[in-house]
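1. Sequence and computational prediction follow.
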Amino acid sequence: MGGTMGGTMGGTIRIDAAEMDYTTLNRKIRSAAAGGVSEVILDHVLGQRFIADGLRGTVRLIINGVPGGDLGMFMSGPTCIVHGNADHAPGNTMDGGMIVIHGSAGDAVAHSMRGGKVLVRDDIGYRGGIHMKEYQEKSPVLMVGGNARAYLGEYMAGGLIIVFGIGGGAAVTERGIGSGIHGGEIYIRGPVEDRLLGVGAKKKPFGAAERKRIAPFVQEFASHFDMDGKALLDGDYTRIGPASARPFASKYTWE
Amino acid sequence: MTIGSTPPRYRISVDRDQCMLCERCITECPYGVFRRNGERIAVNSRQCTACHRCIAMCPRDAIDLEEQPVDYRSHPVWTRGTREAIYNQARTGRIILAGMGNAGDYPVIFDRLVLDACQVTNPSIDPLREPMELRTYLGKKPSRLEIRNIGGDDVELVTELTPNLQLETPMMIAHMSYGAISLNAQLSLARAAAAIGTFMGTGEGGLHQAIYPYQDRMIVQVASGRFGVDINYLERGAAIEIKIGQGAKPGLGGHLPGEKVCEDVSCTRMIPLGTDALSPSPHHDIYSIEDLKQLVRSLKEATEWKKPVFVKIAAVHNTAAIAAGIARSSADAVVVDGFRGGTGAAPRVFRDHVGIPIEAAIASADAKLRQQGIRNQVSLIASGGIRESADVAKAIALGADAVYIGTAALVAMGCRVCGTCYRGLCPWGIATQREDLTARLDPDVESEHVANLIHAWTLELSELMGAAGINSIESLRGNRDRLRGYLLDEGILKVLDVKPVGA
């Protein structure tokens, strides 16, 4: 299934999601995408979970309202633009595509994401980017405009997390950053207290090479939310990575 | 080192009169026990794991193995195991990992249960003569069927049925991942499952391309690491199983060490070469029974409600209540994995001390679901420590719809239960990724062995049922009157809801 993008390509359709259950809503989205529609606008979204769950292709969803949990779970390719906040775990186990949230999101944002991007304009809850991983050409990116709560990037195995902390105060003030991290990198704008780092996480130098590496992502983030990318990039970043690719290697012995 | 070395676990001896110096043992043993020394085969018994490969392959039966050739001063409390664990931890200060299932000295409840047979008052059934119905459907069953007359004598089913798996025998092959076992081992199991008309689990290792031809027979696992999980994987499987827990290490995740992540394993799991594959202990999107419901439904929604979703838990103290919660999560089956469930590697302290036996867990889960009137909402699958067809019959009589067999299927391919899976040097080509070792396992041959085993157990199950006057597996399911407890205490009999022998 999927990939049946025959017929007339392009075009936009609107779906009024008011009072609609998620299965019906997803069925309509799937059928529109399969029919070759390039953009689907969902109005009056109010808590429907699993929007774009397992969806393939390149369709663009404009979500007006507040989607429920697991937005874009297992998604592979499409783009979701949310005008509103999102609930828990947008981008859960996502394989490819993009989620842009013009608002805040709940816990476990980008949980186990393998590919694609999740951009959150404001804040995220606990365990953001937990167990993100990368594989071959896939390398997931989570960017957060505001603050992230505890356990950011826990068990992270790959990919990139950037937290900008826009709006004053430190970007991350809670503990457990990168605990058990064994791959990937976390960039936090501004200083991060050492005591907030989890077991297995380590601060690493941030220099010109690193700034260059994150520049395209920062620009992309800024352009989505009409921000000044250059100013955003100019700040001091704290770079956090794994102390070892085998964080638990010294914990065990054999019988 | 002041602790000194511990005595060798095994002593290998070669009968020089029998030995013809063919050196087969040297080639076969990947642990380096044997070497040629002039006109004799020299041995280093300390390297031996009791895998029996040399013994099985010696053309002259010249090799002998003795377990625990050196005695400690015997003591009922300070056993060899406890003493050696202390020496190990005094040296390393680490958690001890061990292979295979529970090695604790617990009585096996299955062995204290006896089955019934017909005498005089009702005739037994000969499966040779009468059809014996073993076909099993896993998934939700409607509590009632609504039927509409559509003119004449024709009727139509109004009730919407949910997808079920159709098994030709109530035995499936348990989840053992590619990575934990070799591709040849997985391929053999998959072919056997297809030949028998049953299913097998992928484990949390993704689905290798070589298994695609058998994908209709695969139950794809979604565990906390989400390795290998994408929409293609979910759509390929016949069913999806969420692994919450595992009988060998309840409460823990998994950990595939980097050295086992070779190129092919890396592709299938979708992780970089040589990195540790860590499965966290909990699913970090499940912190409550409501969250579980959300994961179950996300999987159903992703696959457009076409696939049954199973939830596997380790058998622990409140399994029955947990199973009842799962039954309300839209899941189609609950897999309960008892504390004898096997594994490639688990902390010894968990393997031997955490969890409860499958017999008690399955009986109490079945009873709880019936009490709450939701037994039809989920199938129950018993797993962990099923060693023979009698265990299958007893598990079903205690309330299971079907069983998973893991270790037994590996034993059918040559595994000697040496418990050294974690070394990655399995001489039988099962728990290894080393090419020269995996090449020893021929899927054409071993798939037949596994299929033979399940076929034989199916025949025995039919005979047991026939002898009890039962001709359909549904009539055995939860039929505790066909069981009696032999020397089981009153408490456990009550949990099992089984009468004592003679009653």
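-> Nice, I can see it.

2. Please, which helix or strand holds B:Lys293?
-> B:Lys293 is part of helix B:289-302 when elements are defined by DSSP states H and E.

3. Contacts for that helix, please.
-> The contact list for helix B:289-302 (Cβ atoms under 8 Å, 6 or more residues apart in numbering or on different chains) reads A:22-23, A:26, A:49-50, A:53-54, A:69-70, A:73-74, A:92, B:222, B:231, B:234, B:240, B:242, B:244, B:283, B:285-286, B:307, B:309, B:311, B:325-326, B:328-331. Heads up, the C-betas are built off the backbone N, CA and C, glycines and all.

4. got the buried residues for that helix?
-> Within helix B:289-302, the residues scored as buried using 16 or more other Cβ atoms under 10 Å in any protein chain shown are B:291-302.

5. Show me which of those is closest to B:Ala451.
-> Top of the list for closeness to B:Ala451, among these and by Cβ to Cβ, is B:Leu299 at 29.8 Å.

6. Just give the nearest non-adjacent residue to B:Lys249, would you?
-> Closest residue to B:Lys249 apart from its sequence neighbours, by Cβ to Cβ, 6 or more residues apart in numbering or on different chains: B:Ala346 at 4.0 Å.

7. circling back to that earlier point, filter the contacts of helix B:289-302 to the buried ones?
-> With neighbours counted by 16+ other Cβ under 10 Å, the contacts of helix B:289-302 contain buried members at A:22-23, A:26, A:49-50, A:53-54, A:69-70, A:73-74, A:92, B:222, B:231, B:234, B:240, B:242, B:244, B:283, B:285-286, B:307, B:309, B:311, B:325-326, B:329-331.

8. Which ones among those residues map onto strands?
-> Secondary structure defined by DSSP state E assigns B:222, B:240, B:242, B:309, B:311 of the buried ones among the contacts of helix B:289-302 to strands.

9. any idea how far the fourth one is from A:Gly184?
-> Looking back up the chat, that one is B:Val309. Remark: distance between B:Val309 and A:Gly184 (Cβ to Cβ, to the nearest Å) = 30 Å.

10. same question, the last one
-> Taking Cβ to Cβ as the measure, B:Val311 falls 30 Å from A:Gly184.

11. The first one too?
-> When distance is defined by Cβ to Cβ, B:Val222 is 22 Å away from A:Gly184.

12. Who are the contact partners of the closest residue to chain B within the stretch 51-200 of chain A?
-> Distances between the stretch 51-200 of chain A and chain B by Cβ to the nearest Cβ are smallest at A:Gly54, namely 3.1 Å. Contacts of A:Gly54 were listed using Cβ under 8 Å, 6+ apart, and they are A:73-76, B:231, B:234-235, B:301-303.

13. mind listing the helices for the stretch 101-250 of chain A?
-> Assigned helices in the stretch 101-250 of chain A, in chain order: A:208-224, A:229-234 (criterion: DSSP state H, counting those that start in this stretch).

14. Give me the spatial nearest neighbour of A:Ser104, chain neighbours excluded.
-> Closest to A:Ser104 by Cβ to Cβ, 6+ apart is A:Asp122, at 4.1 Å.

15. isn't the one you found right up against A:Gly145?
-> Yes: between A:Asp122 and A:Gly145 there is a contact at 5.8 Å, judged by Cβ atoms under 8 Å.

16. For the closest residue to A:Tyr151 other than its chain neighbours, give me the pLDDT.
-> Among residues not flanking A:Tyr151 along the chain, A:Gly176 sits closest, at 4.1 Å (Cβ to Cβ, 6+ apart). Note on A:Gly176: pLDDT of 96.

17. mind listing what A:Gly176 touches?
-> Contacts of A:Gly176 were listed using Cβ under 8 Å, 6+ apart, and they are A:150-152, A:154, A:196, A:198.

18. Residue nearest the middle of chain B, spatially speaking?
-> With distances taken as Cα atoms, centre = their mean, the residue of chain B nearest its centroid is B:Gly406 (2.9 Å).

19. Distance of that residue relative to B:Met171?
-> Distance, B:Gly406 to B:Met171, by Cβ to Cβ: 11 Å.

20. same check, this time on B:Pro280
-> According to Cβ to Cβ, B:Pro280 and B:Met171 sit 31 Å apart.

21. Look at the two and report which has more neighbours.
-> Taking neighbours as other Cβ atoms under 10 Å in any protein chain shown, B:Pro280 and B:Met171 compare with B:Met171 leading, 28 against 19.

22. Please tell me I have it right and the more buried one contacts B:Ala456.
-> No: judged on Cβ under 8 Å, B:Met171 makes no contact with B:Ala456 at a distance of 10.9 Å.

23. Could you chop the chain up by domain?
-> Let's take chain A. A:9-103, A:110-246 (automatic domain parsing).

24. wrong one, chain B
-> As given by automatic domain parsing, the domain ranges for chain B are B:10-94, B:137-500.

25. what residues does stretch A:215-232 touch?
-> Contacts to stretch A:215-232, defined as Cβ under 8 Å, 6+ apart, come from residues A:100, A:102, A:117, A:119, A:121, A:141, A:143, A:145, A:160, A:162, A:164, A:166, A:189, A:233.

26. Go back to the residues you listed and keep what's next to chain B.
-> With the criterion set as Cβ under 8 Å from any Cβ of the partner chain, no member of these is near chain B.

27. In strands, which of those appear?
-> A:100, A:117, A:119, A:141, A:143, A:160, A:162, A:189.

28. In contact with the last one: list those residues for me.
-> So that's A:Arg189. Neighbour list for A:Arg189: A:162-165, A:171, A:232, A:235-238 [criterion: Cβ under 8 Å, 6+ apart].

29. Buried members of these into ChimeraX, please.
-> The following ChimeraX line selects those of these that are buried, judged by 16+ other Cβ under 10 Å:
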select /A:162,163,164,165,171,232,237,238
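
30. now the contacts of A:Arg189 as a markdown table including distance to B:Glu23 and pLDDT?
-> Output for the contacts of A:Arg189, formatted as a markdown table (distance: Cβ to Cβ, whole Å; pLDDT from 0 to 100):
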| residue | distance to B:Glu23 | pLDDT |
| --- | --- | --- |
| A:Ile162 | 60 | 98 |
| A:Val163 | 62 | 98 |
| A:Phe164 | 67 | 97 |
| A:Gly165 | 68 | 96 |
| A:Ala171 | 65 | 94 |
| A:Leu232 | 69 | 95 |
| A:Gly235 | 68 | 88 |
| A:Asp236 | 66 | 93 |
| A:Tyr237 | 62 | 97 |
| A:Thr238 | 60 | 98 |
